[in-house]
Every structure is written in structure tokens, then in C-alpha cells.
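In: coordinates only, sequence not included:
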């Protein structure tokens, strides 16, 4: 987490997705990889809710300019990573917002990732069909 004057930079992760968020005071511009969130994530209300929930809880909608770079994973993992990065940035700004975000469970990283494939098997745990004869 780097802080230059009023700029807040933080990282959020989920599955294989990594998001870097830059938050600064402004009039509410929001970009994800240079696009509007609706253009990037499509019109998926669940994904857009995950992104905006930290801003809604702290009451910062329309008060901050947010620029996010996200890479890796799929859309759901990327949306969670963006929400995690935004929540971490906002928690550094005010101690009161940190308490509300922590109570909502937005500051903890969801560490569940795909288990790696094992040799001699089809996937991580699935085995080939056993034939007795």
C-alpha cells in the first residue's frame, strides 16, 4: 500500500485474479482496465454489486476517482479482486470505514483456489475408471 498525498493504491486478490486499485479524490470516475465497469463486466448485477459494495458501505459513491487494473482469472474472480482492492484502499483512508468494512468481511482475502492436477489422475482428485478384468 503506497500513499502519495491523497492517492491510495492497494492490491486485491481472488482465485487467480489480481487487481491493483488507484483511488483519489474526484467526481466519481470509475474505470476497470480503461473501460467503464458495465462495459468490462457486462450487465451482470451480481458482479457489479461486488465491485460497488465497499463504496456503498463507506458512502464514497461519487466522491472518489477509481482506476483499476485487473488481470488473470475469470470475470467472477476479477470482480471479487476489484472489490477487495477497493475495500483495502478505503480502509487505509479512515479508521471508521475500516471497522465497517471488516465487520462486513470485505478486508479478508478469500484464499480458495483450484487444486493442482496430480500425476496418474485425470484431475486433482478424479481417477481413471477401475477395471477388475
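Out: Perfect, thanks for sending it. This is a predicted model, so every value here is computed, not measured.
In: per-residue pLDDT, residue 56?
Out: The per-residue pLDDT reported for residue 56 equals 88.
In: brain fart, residue 77
Out: At residue 77, pLDDT is 93.
In: now residue 95
Out: With respect to pLDDT, residue 95 scores 82.
In: And for residue 90?
Out: 89.
In: Does it touch residue 52 like I think?
Out: No - Residue 90 lies out of contact with residue 52 (CB atoms under 8 Å); the separation is 11.9 Å. (Glycine included, C-beta is placed from N, CA and C.)
In: Those two - which one has more neighbours?
Out: Using other CB atoms under 10 Å as the criterion, residue 90 and residue 52 rank with residue 90 on top: 26 against 16.
In: How far does the helix or strand harbouring the more buried one sit from its chain's centre?
Out: Under the criterion of DSSP states H and E, residue 90 resides in helix 75-93. Chain-centre distance of helix 75-93: 4 Å, with CA atoms, centre = their mean, to the nearest Å.
In: can you pull the buried residues of that helix?
Out: By 16 or more other CB atoms under 10 Å, the buried positions in helix 75-93 come out as 76-91, 93.
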